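>>> Structure for the following, please:
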Amino acid sequence: MELAMSAIGVVLPRLAQLLTEEYQLQTRAKKNIESLSRELAAIQVALEKVAKVPADQLEPDTKLWASNAKELSYDIDDALDKFFVRTVGHDHEHADLGFLEKLVCKTKDLLKKAKARRVISDAISDIRELAKEVAELRERYKVDGPVVNHAATTVDPRIIALHKDMTEAIGIDEARDQVISMLSGRSDELKVVSIVGFGGLGKTTLARAVHDQVKRQFCCGAFVSVGQNPDLKKVFKDTLHGLDAEKYKDIHNTTMDESLLMGVLRNFLQDKKYFVVIDDIWDEKVWEYIKCAFYKNNLGSQIITTTRNFTVSKACCSKDDEIYRMKPLSRDHSKRLFYKRIFQHENGCPDELEEVSTDILKKCGGVPLAIITIAGLLANKQVHIRHEWCNVFNSIGRGLKGDHKVEDMKKILSFSYYDLPPHLKACLLYLSILPEDSVIDRDHLVRIWIAEGVVRSTTSQHENMLVDLGHSYFSELINRSMLQPADIHYLSGRVLSCRVHDMVLELIIDLSKEENFVTILDHERDTSLVSKVHRLSLQNSKAEYTVPDATVTKVRSLYGFSSSINIMLAVSRFPVLRVLDLDDCHFEGSYHLKHLGKLFHLRYLRISCKSVEKLPIEIGNLEFLQTLDLIGSSIKELPRTIVRLRRLMFLRFENAITLSDRIGALTSLQELSPRIIIYDYPSALSFLKALYNLTELRVLSIRFSSNVTGDKVLSQSLCSLRNLRELILMASCSRGVVLLPLCFGSPLDLQYLSRIVIDVSEVHQETFENLGRLPALRVLEIWKKGRTERWVIGSGAFPCLEHCFFVSSKISVVFKSGAMPKVYRLCLYVAVEEYRDINFDWLGEPPFASRSICLDYHWEIPSLGGGGG
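From the prediction side, this is the model:
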């Protein structure tokens with residue numbers, strides 16, 4: 001239901017766009033569009049009510065009606081897309097033509113647009129009749145539902161703390177010590193202990209706790225996840241990288257097969273005492289293959305495996321006393337975990353909620369995942385009042401008991417899912433597209449959400465705020481415990497990536513099947529069962545797929561993960577494709593991507609495949625492209641037609657790519673990453689001039705590889721980047737980047753800037769004072785080179801700064817009372833003879849005297865590489 005709502009939510013503003021004078025539609029067509037918009041708005045209201053009811057409580061005809069509404073929205077959206085593709089401006093294509101040639105081209109464009117207007121008018125008339133049929137049925141299926149608050153939030157810091165100290169939070173110390181005891185013994189032979197239990201009991205958490213406790217006793221170690229559909233090459237590569245990240249930093253780029261990787265792993269381990277966790281094994285045969293890679297060297301090495309299947313655990317171990325059976329949490333530990341997630345501390349439950357919380361915990365059955373999920377739901381209630389908690393208790397169902405634990409777990413998880421607002425339900429379903437055990441990059445996910453239209457701007461929001469909106473959706477899913485934090489930024493505390501628990505993923509996949517949201521094809525699934533496909537995900541397979549022509553015409557998104565994409569030979573057969581995401585896919589030797597230029601509807605293109613070395617020049621035809629992500633490919637040069645992509649918001653590339661000065665034509669760009677490298681003065685000057693036009697940029701990172709900076713031009717360009725959030729300017733040369741006071745002349749020019757990392761030869765006091773007035777600055781790193789300077793940080797300077805790093809061989813710093821009122825980490829790297837020039841008296845003055853501040857000062861200067869992160 002939420003997908004139908006999302007689809008209609010995309011269509012309504014696009015229909016309104018058609019009514020503007022720009023498209024010059026006839027009066028009759030405009031009336032039909034207005035009528036269609038009213039019908040769709042009424043359908044959306046009905047869908048909002050239906051979406052609040054769990055799918056298993058809906059009548060079959062209600063589900064069918066909602067499905068028809070969704071398909072109707074897709075048809076309208078596709079028709080609108082075809083119209084906009086035909087009417088988009090192509091003036092830049094005629095810039096180099098003569099007068100007569102321009103006149104001929106413009107005449108052709110006008111005829112083309114006139115034809116497009118007739119086509120869209122006829123299409124709207126036909127679609128309006130279908131909409132009437134759907135609307136006539138909606139009165140039969142009205143379902144009352146509560147109103148949902150759509151307020152966006154930031155990540156609750158308690159959930160981050162919960163995952164950081166999970167061992168203490170759920171009382172896992174006793175189980176951890178028991179597993180460690182099982183591992184220990186007099187023999188130096190390789191010891192294997194298996195942890196077994198059903199999903200959600202905390203097997204991975206226990207294994208992680210043991211790993212963290214004992215890893216220092218071993219020469220090397222690794223923590224590797226296998227999963228239900230394992231890619232053994234990835235398992236071996238991850239293991240090697242975990243054992244020695246520096247030696248095997250490029251192991252994921254190797255083309256070695258499983259047998260060769262196994263040999264490399266055995267050779268590495270033969271003379272080392274190692275500790276390895278092999279997490280989430282589903283099949284005995286998989287373990288039999290994996291264990292051959294671990295050399296039995298009689299040095300006291302140890303392995304932990306985790307699995308849901310007791311038969312697999314027996315295959316892992318030679319004795320039953322080497323198997324640890326997971327137990328549910330005790331009542332006291334369940335309460336501690338539950339309360340810590342909802343309240344400020346473990347004993348913070350009000351008296352009036354004690355009884356109902358006890359009833360809820362009984363239904364959770366001591367399963368950590370269930371407890372965290374329901375606690376995440378209750379933590380997001382605006383008011384902690386008893387009747388709301390009782391409603392949650394009554395809605396959970398039978399709880400975890402008898403022989404139905406897994407299904408009852410899904411019942412608990414599905415309740416949390418149906419409590420999500422519609423936009424978050426749609427966002428969550430996109431996780432079903434990705435392979436299990438994926439570490440999911442937040443920004444990657446948000447860019448997909450934007451391309452698919454589930455994160456979209458409103459009349460009151462600028463498109464530059466889409467990323468912030470997507471981040472808030474991601475944060476809210478973290479807060480509700482539907483996603484688990486994976487990587488957390490060491491300074492800001494922001495969650496950079498996430499994982500999906502197996503049980504949550506199973507729920508999402510089940511819901512996706514009901515909604516016909518995504519079709520997953522791998523070595524276990526049969527394409528003959530596919531009828532209507534809107535999103536296609538190819539995972540870990542070398543199969544050659546044959547997708548019916550009738551199905552191909554509806555595919556809006558195509559994802560490939562570690563697959564052989566022979567299907568891509570006919571990529572032009574996907575007429576409405578909007579998302580193309582290829583990760584570690586293998587192409588036939590003769591294959592090239594020239595057909596990409598025919599995917600006129602494409603919004604998102606990601607190619608992370610080493611076999612791809614060149615983009616076709618026809619990529620300039622993709623007028624609607626928002627994301628171009630080439631990280632992980634072998635592409636070294638961008639075609640000159642890239643400048644036609646006027647709607648491009650995110651351009652990601654390997655460092656080796658050189659950017660043309662014509663990049664300034666891409667005025668919608670919000671992100672250029674990961675880093676731009678400038679080698680000489682001419683290229684520096686031309687790029688920095690082009691930078692002046694990129695006023696939508698949010699992230700900018702530049703490394704100057706020689707003594708060239710173009711300081712004045714750089715200063716002028718930076719002042720134009722009024723939407724900048726993050727700025728990194730580093731230099732490989734000895735003198736650093738010289739920044740004149742003009743660069744930060746007016747704090748209002750950079751009012752959103754929250755992180756600065758700069759490598760400078762001089763920072764004048766005036767510039768420093770301007771930096772101190774930036775209203776949103778939270779992280780500041782200054783790598784100072786050159787002559788000694790005296791910095792005075794005045795009262796009230798840096799009002800929002802939380803993390804401050806000064807690195808210099810010669811520095812004198814004075815902190816006035818009231819400076820940096822919010823800082824809680826201050827790191828000073830100075831030369832030995834300069835420490836007397838730093839005034840620490842301010843630490844005893846308000847507001848610092850009443851707060852805890854982490855002060856690090858070091859008498860050695862670190863290498864420059866530490867500051868570019």
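>>> What segments of the stretch 451-600 of the chain are helices?
Ranges of helices within the stretch 451-600 of the chain are 466-479, 502-515, 549-552, based on DSSP state H, counting those that start in this stretch.
>>> Quick check: which ranges of the stretch 701-850 of the chain have low pLDDT?
Scanning the stretch 701-850 of the chain for pLDDT under 70 picks out the ranges 706-712, 732-748, 786-788, 809-811, 830-850.
>>> Please name whichever of the helices of the stretch 451-600 of the chain is nearest to residue 299.
Shortest distance between residue 299 and those, using CB to CB, is found for helix 502-515: 33.4 Å. Where you see a C-beta, it was placed from the backbone N, CA and C, and this is true even at glycine.
>>> helices or strands next to the closest one in the packing?
Packing partners of helix 502-515 (3 or more CB pairs under 8 Å, 6 or more residues apart in numbering; DSSP states H and E): helix 368-379, helix 405-418, helix 422-429.
>>> Pull out the buried positions in that helix.
By 16 or more other CB atoms under 10 Å, the buried positions in helix 502-515 come out as 502-509, 511-512, 515.
>>> if we can go back for a sec, in terms of mean pLDDT, which of the helices and strands packed on helix 502-515 ranks lowest?
Lowest mean pLDDT within these: helix 405-418, at a mean of 67.
>>> Alpha carbons of stretch 191-210, as PDB, please.
Extracted in PDB, the C-alpha atoms of stretch 191-210 (Å, rounded to 0.1, in the frame of the first residue of the first chain):
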ATOM      1  CA  LYS A 191      39.900 -25.400  18.400                       C
ATOM      2  CA  VAL A 192      36.500 -24.800  16.900                       C
ATOM      3  CA  VAL A 193      33.400 -23.700  19.000                       C
ATOM      4  CA  SER A 194      30.000 -23.200  17.400                       C
ATOM      5  CA  ILE A 195      27.300 -20.900  18.700                       C
ATOM      6  CA  VAL A 196      23.800 -22.000  17.700                       C
ATOM      7  CA  GLY A 197      20.400 -20.400  18.100                       C
ATOM      8  CA  PHE A 198      17.500 -19.000  16.000                       C
ATOM      9  CA  GLY A 199      17.600 -15.500  14.500                       C
ATOM     10  CA  GLY A 200      17.500 -12.600  16.800                       C
ATOM     11  CA  LEU A 201      18.900 -14.300  19.900                       C
ATOM     12  CA  GLY A 202      22.200 -12.500  19.600                       C
ATOM     13  CA  LYS A 203      24.700 -15.100  18.200                       C
ATOM     14  CA  THR A 204      26.600 -12.500  16.300                       C
ATOM     15  CA  THR A 205      26.700 -10.100  19.300                       C
ATOM     16  CA  LEU A 206      28.100 -12.900  21.500                       C
ATOM     17  CA  ALA A 207      30.700 -13.900  19.000                       C
ATOM     18  CA  ARG A 208      31.800 -10.200  18.700                       C
ATOM     19  CA  ALA A 209      32.100 -10.000  22.500                       C
ATOM     20  CA  VAL A 210      34.300 -13.000  22.600                       C
END
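>>> Which member of the buried residues of helix 502-515 is positioned nearest residue 671?
residue 508 (27.7 Å).
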